[in-house]
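Student: the sequence isn't on hand, but the structure is:
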C-alpha cells in the first residue's frame with residue numbers, strides 16, 4: 001500500500017462583484033473579436049464542446065461574455081474556465097481568471113453537454129452582446145448593467161484538465177505561492193490538509209484555524225493573483241474528519257464550513273490510511289457526505305484521491321468506486337496516487353498502467369466510454385524520489401503530463417510544491433525532491449497541462 005510522505009511529527013467576496021465597473025461593448029463590427037465553437041468527443045448521450053475567444057481588434061479585450069442556445073433535450077453537465085448561468089436552453093458564460101485577452105491572443109472555455117436524441121450544435125452565439133463572427137473592437141463603459149432577476153446559477157467546477165499540485169503550509173519550508181505562480185504560470189493549488197480539531201470540527205492539520213492562519217493567508221495571496229485552490233481533506237497522517245464525524249450529515253457540515261470559508265469550486269477527499277480507506281463504514285460515510293455536498297452546492301466538483309496498484313485500484317479502491325455508484329454520491333473525479341509501488345519501477349509505465357486500470361474500472365462500473373472515463377480520472381504523482389526510492393524525474397513527469405493531456409484526463413497533481421526544489425542525493429525530504437532540478441521545474445510542466 002502506497003503512502004504519501006508526511007512526517008508524523010508536526011501534523012498538529014467581500015464585495016460580491018460590486019455592481020459592474022465595466023461593461024464590454026458589443027463585438028459586431030468588421031474584423032476584431034470572435035468566438036468559435038468546436039466539438040470534441042461524443043459518447044452518444046453527451047459530448048465535449050469548446051468555445052475559443054480570439055482577439056484581433058488591435059487592443060486588449062478586458063472581459064468577455066459568450067451566450068448560446070442548446071437544442072431541446074440538451075443541457076450543460078459541467079463547464080470549466082468560465083462561470084455560467086442557464087435559463088431554459090439559453091446559456092450565458094462569463095470569464096473567470098481568463099478574462100484579459102491581449103491583442104492577438106485568445107481564451108477559451110470547455111463544457112460537457114448531456115443530450116437525448118441526435119446531436120445538434122449550439123446556435124445563436126453572441127459575444128459581448130454582438131455576433132460571434134469576427135468583428136468588433138472592444139470598448140468599455142461605466143454604465144452599470146440593468147438589474148434583473150438572475151436565472152438559475154451554477155457555480156462551475158474547476159475544469160477537467162486542471163493541473164493543481166499540492167501546497168502544504170504545515171511543513172517543508174512552504175514557498176510563497178505568488179512567487180511560484182509568477183515563475184511557473186500555475187493557477188491552481190491543492191492545499192493540504194484539512195483534518196479534525198476536537199471531534200467533527202475542520203482545521204488545517206487539525207490545529208490551524210480556517211481564518212487568520214498561514215493557510216488562509218496563502219489562499220488570499222493565490223486568489224489575489226488570479227488563482228484558485230482545492231482544499232484536500234485527510235492525507236496519510238493526522239486525525240481525520242471521516243472517523244470523527246458520526247454521520248454523513250455531520251461530515252457534510254464539516255466540509256460545508258470549509259466551502260463557505262473560501263468560496264470553493266471543488267473539494268478533494270484524500271482517503272488513504274486504514275482509518276478511512278480500509279474502513280468500509282467510513283468510506284460509506286464519506287460518500288454519503290459528498291452526496292449531500294453536491295445537493296447543497298450545485299456545480300461544485302468533488303474529488304476522491306486514493307492509492308493504487310500498478311494495474312489499477314485494489315480491493316478497497318474498487319469498493320469505493322462501486323459504492324459511489326450504489327449510494328448515488330455523484331463523485332466527479334477519481335484520482336489515483338501512482339507511486340510507492342515497491343521500488344525500482346518504470347514510473348511512466350506504472351503510472352499509465354495504473355491509470356488505465358482505473359479507466360477500465362470506471363467503464364465497467366458506470367458504463368462509460370474511454371473518453372468519459374478519462375474525463376473523470378485524475379493522477380496525483382510524487383515528484384523526484386518517493387518513499388520507496390522510486391524516481392520520477394522531470395523527463396518522466398513530462399511524459400506523464402503529455403499522456404494526461406492527450407487523453408484529456410480530469411486532474412493532474414503531484415506531492416508537492418514544497419518539494420519542487422533540487423537536492424541531488426538528498427533522499428526523501430520535505431523541502432526538496434531528492435534529485436537534481438531547478439526550483440519549480442515540476443510545477444512549470446504541470447502548469448502546461
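Tutor: Thanks, I have the structure now. All values reported here derive from a predicted model rather than from experimental measurement. Numbering: from 1, shown residues only.
Student: all contacts plus neighbour counts: C-alpha atoms, from now on.
Tutor: Noted.
Student: strands along the stretch 201-350 of the chain, start to end?
Tutor: Assigned strands in the stretch 201-350 of the chain, in chain order: 202-204, 228-234, 266-270, 301-307, 333-337 (criterion: DSSP state E, counting those that start in this stretch).
Student: tell me what the last one is packed against?
Tutor: Under the contact definition 3 or more CA pairs under 8 Å, 6 or more residues apart in numbering; DSSP states H and E, strand 333-337 sits against strand 301-307, helix 347-366, strand 377-381.
Student: what sits up against that strand?
Tutor: For strand 333-337, the external contacting residues (CA atoms under 8 Å, 6 or more residues apart in numbering) are 2, 301-308, 313, 354-355, 358, 375-381, 410-411.
Student: how about 7 Å then?
Tutor: Among residues not part of strand 333-337, those counted as contacts by CA atoms under 7 Å, 6 or more residues apart in numbering are 302-308, 376-381, 410.
Student: next, format those residues as TSV and append pLDDT and neighbour count.
Tutor: Rendered in TSV, the data for those read as follows (pLDDT from 0 to 100; neighbours: other CA atoms under 10 Å):
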residue	pLDDT	neighbour count
302	97	23
303	97	23
304	98	25
305	98	24
306	98	25
307	96	27
308	96	28
376	97	22
377	98	29
378	98	29
379	98	27
380	98	24
381	97	25
410	96	26
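Student: turn those residues into JSON lines, including distance to residue 364.
Tutor: Compiled in JSON lines, the contacts of strand 333-337 are given as follows (distance: CA to CA, whole Å):
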{"residue": "302", "distance to residue 364": "21"}
{"residue": "303", "distance to residue 364": "19"}
{"residue": "304", "distance to residue 364": "18"}
{"residue": "305", "distance to residue 364": "19"}
{"residue": "306", "distance to residue 364": "19"}
{"residue": "307", "distance to residue 364": "19"}
{"residue": "308", "distance to residue 364": "17"}
{"residue": "376", "distance to residue 364": "13"}
{"residue": "377", "distance to residue 364": "14"}
{"residue": "378", "distance to residue 364": "17"}
{"residue": "379", "distance to residue 364": "19"}
{"residue": "380", "distance to residue 364": "22"}
{"residue": "381", "distance to residue 364": "25"}
{"residue": "410", "distance to residue 364": "18"}
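Student: so for residue 183, which of the helices and strands packed on strand 333-337 sits nearest?
Tutor: Relative to residue 183, the nearest member of the helices and strands packed on strand 333-337 by CA to CA is strand 377-381, separated by 21.1 Å.
Student: how far is that closest one from where the chain is centred?
Tutor: Computed by CA atoms, centre = their mean, to the nearest Å, the separation of strand 377-381 from the middle of its chain amounts to 11 Å.
Student: which elements pack onto the next helix or strand after it?
Tutor: With elements assigned by DSSP states H and E, the helix or strand that comes after strand 377-381 is strand 384-385. Contacts of strand 384-385 with other secondary structure elements, assessed using 3 or more CA pairs under 7 Å, 6 or more residues apart in numbering; DSSP states H and E, are made with strand 391-392.
Student: show me what the strand it packs on is packed up against.
Tutor: On a contact count with 3+ CA pairs under 7 Å, 6+ apart, strand 391-392 meets strand 384-385.
Student: tell me the strands beside the strand it packs on, with direction?
Tutor: The partner list of strand 384-385 in its sheet, established with DSSP bridges, is strand 391-392 (antiparallel).
Student: can you redo the helices and strands packed on strand 333-337 as JSON lines, where the extra columns are distance to residue 252?
Tutor: What follows is those, written out as JSON lines (distance: least, CA to CA, whole Å):
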{"stretch": "strand 301-307", "distance to residue 252": "12"}
{"stretch": "helix 347-366", "distance to residue 252": "24"}
{"stretch": "strand 377-381", "distance to residue 252": "23"}
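Student: what residues does stretch 293-312 touch?
Tutor: Outside stretch 293-312, the residues that touch it by CA under 7 Å, 6+ apart are 2, 154-158, 252, 265-272, 314, 331-338, 341, 350-351, 353-358.
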